[in-house]
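Peer 1: please find the sequence and the predicted model below.
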Amino acid sequence: MFETLQALVLREVRYKEADRILTLLTDRDGKLTARARGALRKSSRIAAATQQLTFAEMTLFENRGRRTVNEAAVLESFDGLRGDMEKLALASYFAECAEALSVEDQPEPELLQLTLNCLYALSRGLHKAEKIKAAFETRLMCISGYAPELSRCAVCGREPEDPVLSLDQGCVCCRSCGGRGERCDLGEEGLTAMRYLANAPAKQILSFDLSDSALARLGDASERYFLRRTERGFSTLDYWKSLREYADPMP
């Protein structure tokens, strides 16, 4: 059976002499695994379209539960990522997150759109990398059912004063109210931005402005909350951080 769909290549693994095993996030069927025969050969017509972090139109052939890429054409290659190691590392983190939180053969249209939007913005340099990362992590938590409770202080029930985010409880509260367990500073700007990211239209998730200090707090909160909820580490995140430390060493 043949099926044509649009797919983002989240991961590629070399298989045998010239094949690739692909993990795809598709527009209709969610996460899929497919074999791209001969994709590593120089003469392959599907080589470019089966690279990691490429969005392509693919025709897959399925037989006995196994899928093979029959045809593939590039829709967006995100060229701006390829020559910048920091951007490529962060984009790979987005892909690793999308793979970790998606389910095989379950449609994930919001996740695909979020990942594509963030890859496009990162590739074109439309926003700071830290802003794109915070937006991706926060919105991904909301899509995956782990949205924090941001409407009011979880302790006193009022609009939070000097807001902090409780990582253990997944809610916002006033600094004076405290809350239980580990928490991180959010501030009024950060809380406003996080509320926006939880509810904004998909195409407008990056349409917000923050001061550098507020962005730093939002970035710290979104990352720590994301890692707490997923209960795992991401090698691509560690690599991105190591590149940033190397590029901007401490005085």
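Peer 2: Right, received. Where do you want to start? The structure displayed is predicted, hence computed values, not measured ones.
Peer 1: spatially central residue in the protein, please.
Peer 2: Taking C-alpha atoms, centre = their mean as the criterion, Phe94 is the residue nearest the geometric centre of the chain, at 3.2 Å.
Peer 1: check whether it really touches Thr115, as I assumed.
Peer 2: Yes - at 5.6 Å, Phe94 and Thr115 qualify as touching, with contact defined as C-beta atoms under 8 Å. Heads up, the C-betas are built off the backbone N, CA and C, glycines and all.
Peer 1: any residues in contact with both of these two?
Peer 2: Overlap between the neighbourhoods of Phe94 and Thr115 consists of Phe136, taking contacts as C-beta atoms under 8 Å, 6 or more residues apart in numbering.
Peer 1: mind checking the longest helix of the protein?
Peer 2: Using DSSP state H, we find that the single longest helix of the chain is helix 212-230.
Peer 1: what helices and strands are in contact with the helix or strand following that helix?
Peer 2: Following the chain from helix 212-230 toward its C-terminal end, the next helix or strand by DSSP states H and E is helix 235-247. Helices and strands in packing contact with helix 235-247 are listed as helix 85-101; criterion 3 or more C-beta pairs under 8 Å, 6 or more residues apart in numbering; DSSP states H and E.
Peer 1: what comes up buried for the helix it packs on?
Peer 2: Applying a neighbour-count criterion of 16 or more other C-beta atoms under 10 Å, the buried positions in helix 85-101 are 86-98, 101.
Peer 1: with stretch 34-48 instead?
Peer 2: If you call a residue buried by 16+ other C-beta under 10 Å, then stretch 34-48 has these buried ones: 34-40, 44, 46-47.
Peer 1: same question for stretch 102-112.
Peer 2: Neighbour counts over stretch 102-112 (16+ other C-beta under 10 Å) mark 102, 108, 111-112 as buried.
Peer 1: could you pull out the strands for the stretch 101-250 of the chain?
Peer 2: 163-166, 171-174, 183-185 (DSSP state E, counting those that start in this stretch).
Peer 1: got JSON lines for the ones you listed, with distance to Phe55 and mean neighbour count too?
Peer 2: Shown next, in JSON lines, are these (distance: least, C-beta to C-beta, whole Å; neighbours: other C-beta atoms under 10 Å):
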{"stretch": "strand 163-166", "distance to Phe55": "33", "mean neighbour count": "25"}
{"stretch": "strand 171-174", "distance to Phe55": "35", "mean neighbour count": "23"}
{"stretch": "strand 183-185", "distance to Phe55": "34", "mean neighbour count": "18"}
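Peer 1: ok, the spatially closest residue to Tyr93 that is not a sequence neighbour to Ser176 distance?
Peer 2: In space, not counting the residues next to it along the chain, Tyr93 is nearest to Thr236; the distance is 4.0 Å by C-beta to C-beta, 6 or more residues apart in numbering. As judged by C-beta to C-beta, to the nearest Å, Thr236 and Ser176 stand 38 Å apart.
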